[in-house]
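>>> all I have is the shape, not the residue letters:
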């Protein structure tokens, strides 16, 4: 009997001990669940929403450092935990009764269930002694607030228009968008009292997820169903062209982020009525070869992202070029001509030569030729000329060559020359015949020569004569003669000074050059007659030769 009583007492004591242990664990569960709930409320104060179960059921250190900042990781572990984080993402009824977990139940929205944020929560755990499911609900409950209906409209590659239905009693709305369906990439949120807004500065060819929640009496309601919209493919950056040769043009354009390929149109018509289309271009550059030389081509490009075509770029156009002539040289030929030569261009049908006295060719003359050399004539002597050459195909003209220059030969007028002779009647005086080249005519190959005949005192002398008397004079300049008569009133008495002169006559003769471009002429002159009776001076005559400038 005593043994039976002792057994009953022992059994009762064992049950009591087990209950005491279970109660201790229940107290620990309750305490940790309360702490977890408070940290979730802090999260809501800072972010305006609760984290998803995925955010708090992972690595405890990550939860502590990135979600529930500063929480003791031991709070996440139940007394009979099977791992180091006991937060589970299904309602407790879904678990085996033996599982010791903190069930985190969200607001029932798709975003919350998919790992996004939640507008409310319920924490569940199983009380071990009673077998009762205990719950802690979030202080923010939104079940009674209606969720708006959201629609999106793509405006451009960088803009989406978002609108939603009105929720009665709402004072404002919270709109959130992200490139992640779970709103975990880099969600952007804003508050507005309107039922629409514009999302701008978006990335092109990108799918955006949008949700909206109404705010009633300061309480944010549940998120709407997630609406999606994909922005269009952006237009490529500015299209530019480089003419590589007479048969090739390279197109370059600004790349589009995310583009899988590019499509290029090329046409000889600005309206692209019959374009040549190149698809599946992998880079933002393409060289079109096999083109017609001297033809103008128009180009446009668009990006392709996931089989979606973007808008066409700007239209650019260029003409296929023949190369600039090489080996250009200029050599002085004469006082009025310069020889210009260059290397042949196979595609050119002819050449155009510009020449000017200005290196900028601000004012210039032009010569066309089918040869690879030409003589530019009719130039000014002693003048620097600049030359450039370009090829042409019909009306199309290629690029200019480098600029070269040459200077025409300078022509210096021959200096003056004279002959002289002492008068037979008075040796104090001389006759002088002077010639001087004053100008030349390159086109006529002639020179103008001035001449003069005069008397000159070479020592003191005295004269007395009849002033009314005249006597003959004559000159011969290169075979052309002039003659006349003169008298003198310059010297009377002993009034002369050495070096004094008295003009008899002067004039100009036009002399033709020889075929070799030079000319030596003879000149002569006389004054008076052999008889001293005609004048007090008597007669004097002289002759010499004169070489004109080499004009050619």
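Done, it's in. Since the model is a prediction, treat every value here as computed from it, not as a measurement.
>>> ignoring the adjacent residues along the chain, who's closest to the most centrally placed residue in the chain?
For the chain, the residue sitting closest to the mean C-alpha position, by C-alpha atoms, centre = their mean, is residue 240 at 8.9 Å. Distance criterion C-beta to C-beta, 6 or more residues apart in numbering; nearest residue to residue 240, sequence neighbours excluded, is residue 252 at 5.3 Å. Any C-beta I mention is one placed from the backbone N, CA and C, and that applies to glycine too.
>>> pretty sure the one you found sits against residue 237.
No - between residue 252 and residue 237 there is no contact under C-beta atoms under 8 Å: 9.2 Å.
>>> so what sits against both of the two?
Common contacts of residue 252 and residue 237 (C-beta atoms under 8 Å, 6 or more residues apart in numbering): residue 284.
>>> shouldn't residue 62 be within a strand?
No - membership of residue 62 in a strand is not supported by DSSP: H, G, I helix; E, B strand; the rest coil, which gives helix.
>>> what is the burial count for it?
Using other C-beta atoms under 10 Å, residue 62 has 13 other residues around it.
>>> same question, the one 3 residues further on
Applying other C-beta under 10 Å, we find 13 residues neighbouring residue 65.
>>> go on, residue 438?
Counted with other C-beta under 10 Å, residues neighbouring residue 438 total 12.
>>> mind listing what the helix or strand hosting it pairs with, with the direction of each?
When elements are assigned from DSSP states H and E, residue 438 belongs to strand 429-441. Strand pairing for strand 429-441, using DSSP bridges, gives strand 417-422 (antiparallel), strand 446-457 (antiparallel).
>>> for it, buried residues please.
429, 430, 431, 432, 433, 434, 435, 436, 437, 440 (16 or more other C-beta atoms under 10 Å).
>>> from those, which is closest to residue 184?
Nearest to residue 184 among the buried residues of strand 429-441 is residue 440, at 95.4 Å by C-beta to C-beta.
>>> correct me if wrong: the closest one contacts residue 412.
No - with contact defined as C-beta under 8 Å, residue 440 does not reach residue 412; the gap is 10.4 Å.
>>> overlap in contacts, the two.
Residues touching both residue 440 and residue 412 (C-beta under 8 Å, 6+ apart) are residue 549.
>>> let's see the pLDDT reported for residue 465.
At residue 465, the model reports a pLDDT of 57.
>>> show me where this structure has its helices.
2-47, 53-56, 60-62, 110-113 (DSSP state H).
>>> quick one: contacts of the second one?
Translated: helix 53-56. 40, 63, 67, 68, 76, 87, 88, 89, 104, 106, 115, 182.
>>> any low-confidence regions in the stretch 301-450 of the chain?
Flagging of the stretch 301-450 of the chain using pLDDT under 70 yields an empty set of residue ranges.
>>> all strands for it, in order.
Under the criterion DSSP state E, counting those that start in this stretch, strands of the stretch 301-450 of the chain are mapped to 308-309, 316-319, 329-332, 338-341, 350-356, 365-369, 373-376, 384-393, 396-397, 404-407, 417-422, 429-441, 446-457.
>>> would TSV of those with distance to residue 168 be doable?
As requested, the strands of the stretch 301-450 of the chain are exported to TSV (distance: least, C-beta to C-beta, whole Å):
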stretch	distance to residue 168
strand 308-309	39
strand 316-319	56
strand 329-332	91
strand 338-341	90
strand 350-356	82
strand 365-369	83
strand 373-376	92
strand 384-393	77
strand 396-397	73
strand 404-407	87
strand 417-422	122
strand 429-441	107
strand 446-457	111
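>>> so which of the ones you listed gets nearest residue 162?
strand 308-309 (21.0 Å).
>>> quickly run through the sheet partners of the closest one, with directions.
strand 296-305 (antiparallel).
>>> report the buried residues of the partner strand.
Neighbour count says strand 296-305 has 297, 298, 299, 300, 301, 302, 303, 304, 305 buried, by 16+ other C-beta under 10 Å.
>>> and which of those is nearest residue 346?
For the buried residues of strand 296-305, the nearest to residue 346 is residue 297 (20.8 Å; C-beta to C-beta).
>>> who's the closest one bridged to?
residue 318.
>>> kindly report the same for the one 4 residues further on.
Beta-bridge pairing of residue 301, defined through DSSP bridges, involves residue 264.
>>> identify the residues contacting it.
Contacts of residue 301 (C-beta under 8 Å, 6+ apart): 236, 239, 251, 253, 262, 263, 264, 265, 312, 313.
>>> one more pass at 10 Å, please.
Residues near residue 301 by C-beta atoms under 10 Å, 6 or more residues apart in numbering: 235-237, 239, 251-254, 256, 262-266, 278, 281, 284, 286, 310, 312-316.
>>> now do residue 503: how many residues are near it, please.
For residue 503, the count of nearby residues is 11 (other C-beta under 10 Å).
>>> in contact with residue 280, which residues?
Shown in contact with residue 280 (C-beta under 10 Å, 6+ apart): 260, 261, 262, 263, 304.
>>> what would these look like in CSV with distance to residue 403?
Formatted as CSV, the contacts of residue 280 follow (distance: C-beta to C-beta, whole Å):
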residue, distance to residue 403
260, 48
261, 44
262, 40
263, 42
304, 46
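>>> let's see if you can find the most crowded of these.
Neighbour counts for those (other C-beta under 10 Å) peak at residue 262, which has 26 neighbours.
>>> pretty sure that residue sits against residue 236.
Yes - counting by C-beta atoms under 10 Å, residue 262 touches residue 236, with 7.0 Å between them.
>>> which neighbours do those two have in common?
With C-beta under 10 Å, 6+ apart, residue 262 and residue 236 have common neighbours 253, 255, 256, 284, 301, 302, 303, 310, 313.
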